[in-house]
Structures are given as structure tokens and as C-alpha cells.
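Student: my questions are about this predicted structure, shown below with the sequence.
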Amino acid sequence: MDTALQSRAEHRAQPRHFEWQYLDLLRQIWTTGHERADRTGVGTRSLFGATMRFDLSDNAIPLLTTKRVYWKAAAREMLWFLTGDTNIRALVAQGVHIWTDWPLDSYRKATGEAIDRDAFEARIIADAEFAARWGDLGPVYGKQWVNWPVYEPAGEGLFRKRPQGINQIAELVESLRNNPGSRRHIFEGWNVAELDQMALPPCHKTYQFFVADGKLTGLLYQRSCDLALGVPFNIFSAALIIRMLAQQCDLQPGELIWNGGDVHLYLNHRDLVETQLAREPNGAPKLEIANRPASIFEYAIDDFLVRDYAPQPHISAPVAV
Ligand SMILES: Nc1nc(=O)c2c([nH]1)NC[C@@H]1CN(c3ccc(C(=O)N[C@@H](CCC(=O)O)C(=O)O)cc3)CN21
Ligand SMILES: O=c1ccn([C@H]2C[C@H](O)[C@@H](COP(=O)(O)O)O2)c(=O)[nH]1
């Protein structure tokens, strides 16, 4: 940078709070989004193609401050993905309810039983057989990330499934360590052949990474984005996996770049949108990772500490199933 530019940059006012990107998108979609019917029957306002960038240096973490985000639920979900598990039982046992509505909906439709969510979750925890039958989401994120199925030729035009699939996360750690300049640092959830077995096809489907100057930057492409409920979790989780990968690969955190495809607000989120847009961001939350486990698969929830997070009150909103 020439010196004139540099000194101008140094004298620039404080950068805008990271959260304005989110609030601006919320306002833009609510006021100008394309209104349409959607799969859930709720209806949305929608915009196609959006980007947000978050600086992760100095432990900064993109956790919204204009409403409380239950980041531990998102962190537990991320750890659950990394185990390869796709059954909600382990989540429900930890008090994480964000995936319960989909198996519950299938169960109600299949049996006609008008069971409520708490009773369904209690049965999932109490009865392992019931959980195996009704709690599985199919080969969603965790399965594809750490055990992407591989079929090998078995002669005479037949194929056999390899006992162990591809662990994309383990391979990514190796490639970041051994070939940082690669343009192939990707993990992918969109297994075309298995989409029809999934409770929901992946939304946060593609993650790509970039190493420069000892820093790890990650880009998430999310095809479908519930801006009010899903995205606050998704940006936290994406930042979290960048931080875990950086730690495992002796890199510093760089940036998170979030790219949304169909970014939408459900029509029944009006109260949330109006309440949240009347608030202003405050403070700079930090994430500390208190331990360095031997591998990316060995983090525990207590390894993650969020500091300087004093958000405004939670705003509840219904989830479209
Ligand atoms: N319509 C829709 N939006 C989503 O965000 C979403 C889906 N469906 N289906 C699959 C997963 C599940 N995810 C969810 C589901 C629910 C919440 C939710 O209700 N969040 C509330 C309360 C969280 C809590 O109680 O821990 C929130 O205020 O963040 C968030 C993400 C993200 N995904
Ligand atoms: O991590 C997630 C998972 C899901 N969503 C949202 C995006 C949509 O509102 C629904 C998925 O519906 P599709 O019809 O499959 O697009 O869930 C999210 O924002 N984040």
C-alpha cells in the first residue's frame, strides 16, 4: 500500500460493527424480497445471492448481539456432525431440540399419533429401539462429512460398499497441513445419490478453505438460508469449525465468508424482524478454545468459552417444518 493510502486507512473511523451486514440483509429482504410460496407452506420473502464477511482475528466470533443466540446448541450440533452421527438421540440427550421437529413430523404422519414434542423426545431418550426407528435423519451432514460412502467394483459388473467411507474432515486437516496452497480444500455435504434418503438435503452444503500468511480463511456456500433462525447458528458454527481447523493446523484464524443462495424470511417472522431491526449491535464477542485435543474429532463442549457476550434478549420465532 502506498503511504498516503496507508495513513488514510489508519485514520479511518472505527469499522462498522460486523452485525450490520446481517441487519442490513434482514431489512433488505423484509422490505424488497420476492414473496413466494415455499415447500413448508408458510411462505417467504426471498433474495437470491448474498455475501457477508466476518473477521475472526483476535478470537472475534460472529455471534449476534441484537438477540441472544444459543451458541452452545450450535456448538453441540457441530460436535455431533463431527462424530458422524445422524440420529437426534445424542442431541436430545444434551438438551438440543433444533432437529426434533423433522423426525416428530414423520412419526406423527406415519402413526397418526398426536404425541407432543416433549413426550416424543422423552421416548427417544428412554428407548434406544424407538430412537433407532424414528430418530434418524438419514445420511445427513455428519455421515457425508466423515464417512462419505464409496463403492468398489467387485467384478462382473457388481459393486460392493467399502466398509469405511471417506473422511473428508480428516483429509482436509491433512491437506491444510501438508499442502496449504491447494485450491482443493473442500468438504461437501451434497451427495446427489443420497439426497432422497435425507430428512432435509443439506443447507450449509459446501465449505472451502484458503491459507495465506499463516491464516486460515473459510468460505461457506449455503444454498437455502432461513435468515432469522438458521443463519445465526450457521455463521457461528462455520466460524467455530474454522477455529478448530486453524488450531489443529497451527494457523491463525483469518475470515469467514458466508455466501447464501436463496436467502429468505418466513412470513411468520414479522415480529422477530421488527423487534430485531429496532435494536443496535453492541460489544465484540470472543471465542476462546481452552484445550488443544489430539485431533479435530476430540473437542468437547467445555473446550469452548465465549467471552464478552452480553446480548439483548432472545426473540423466539416459529420454525417452518
Ligand atoms: N425452517 C428451517 N429453518 C432452519 O433454520 C432449519 C430447518 N428448517 N431445518 C433444519 C435445521 C434445524 N435448524 C434449526 C431449527 C430450529 C432453530 C430454532 O428454533 N432456534 C431458536 C431456538 C433455539 C433453541 O431453543 O435452542 C432460536 O431462537 O435460535 C434453529 C435452527 C436449522 N435448520
Ligand atoms: O442449517 C440450516 C438448515 C436449514 N436451514 C433452513 C433453510 C430453509 O428455510 C429450510 C430448508 O428447506 P429447503 O426446502 O430444503 O430449502 O431450512 C437453514 O437456514 N440452515
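Tutor: That came through fine. Ligands and ions are numbered 1, 2, ... in the order given.
Student: next one, pLDDT for the residue in the stretch 101-250 of the chain that ligand 1 sits nearest to please.
Tutor: Nearest residue of the stretch 101-250 of the chain to ligand 1: residue 230, at 2.5 Å (Cβ to the nearest ligand atom). C-beta here means a position set from N, CA and C on the backbone, and glycine is covered the same way. pLDDT recorded at residue 230 is 98.
Student: what does residue 202 give?
Tutor: With respect to pLDDT, residue 202 scores 98.
Student: just the element for it, please.
Tutor: For residue 202, there is no enclosing helix or strand under DSSP states H and E.
Student: longest helix of this protein?
Tutor: Across the chain, the helix with the greatest residue count (assigned by DSSP state H) is helix 230-248.
Student: which strands or helices does that helix pack on?
Tutor: helix 20-32, strand 44-55, helix 71-83, helix 168-178, strand 204-212, strand 215-226, strand 252-266, strand 286-289 (3 or more Cβ pairs under 8 Å, 6 or more residues apart in numbering; DSSP states H and E).
Student: near ligand 2 at all, stretch 193-206?
Tutor: Yes: using Cβ under 6 Å from any ligand atom, stretch 193-206 reaches ligand 2 at 200, 201, 203, 204.
Student: centre of the chain to that stretch, how far?
Tutor: Offset of stretch 193-206 from its chain centre (Cα atoms, centre = their mean, to the nearest Å): 14 Å.
Student: measure it end to end?
Tutor: 16 Å (Cα to Cα, to the nearest Å).
Student: now it: buried residues?
Tutor: By 16 or more other Cβ atoms under 10 Å, the buried positions in stretch 193-206 come out as 194, 198, 199, 201, 202, 203, 204, 205, 206.
Student: hmm, who's touching that stretch?
Tutor: By Cβ atoms under 8 Å, 6 or more residues apart in numbering, the surrounding residues in contact with stretch 193-206 are 102-103, 106, 137-141, 144, 149, 186-190, 220-225, 230, 234, 237-238.
Student: hmm, who's touching stretch 219-229?
Tutor: 22, 25-26, 29, 50, 202-210, 231, 234, 238, 256-266, 269, 272-273, 317, 319-320.
Student: got it, and stretch 307-321?
Tutor: 38, 40-42, 59, 63-71, 98, 101-102, 105, 226, 228-229, 266, 268-269, 271-272, 275-276, 279, 282-288.
Student: any idea how far apart the tips of it sit?
Tutor: Stretch 307-321 end-to-end distance (Cα to Cα) = 33 Å.
Student: flag every buried residue along it.
Tutor: Here stretch 307-321 shows 309, 311, 312, 315, 317, 319, 320 as buried, counting by 16+ other Cβ under 10 Å.
Student: stretch 102-109 too?
Tutor: Within stretch 102-109, the residues that count as buried by 16+ other Cβ under 10 Å are 102, 103, 104, 107.
Student: for the closest residue to residue 242 other than its chain neighbours, name its beta-bridge partners.
Tutor: Distance criterion Cβ to Cβ, 6 or more residues apart in numbering; nearest residue to residue 242, sequence neighbours excluded, is residue 218 at 4.1 Å. Counting by DSSP bridges, residue 218 is bridged to residue 209, residue 256.
Student: list the contacts of residue 218.
Tutor: By Cβ under 8 Å, 6+ apart, the neighbours of residue 218 are 207-210, 238-239, 241-242, 245, 254-257.
Student: the longest helix of the chain vs strand 215-226, what angle?
Tutor: In terms of direction (axes from the mean of the first three to the mean of the last three Cα atoms, to 10 degrees), helix 230-248 departs from strand 215-226 by 160 degrees.
Student: sorry, back to before: in helices only, show me the buried residues of stretch 102-109.
Tutor: Those of these lying in helices (DSSP H): 102, 103, 104, 107.
Student: out of those residues, which is nearest to residue 93?
Tutor: Of all these, residue 103 has the smallest distance to residue 93: 14.2 Å, by Cβ to Cβ.
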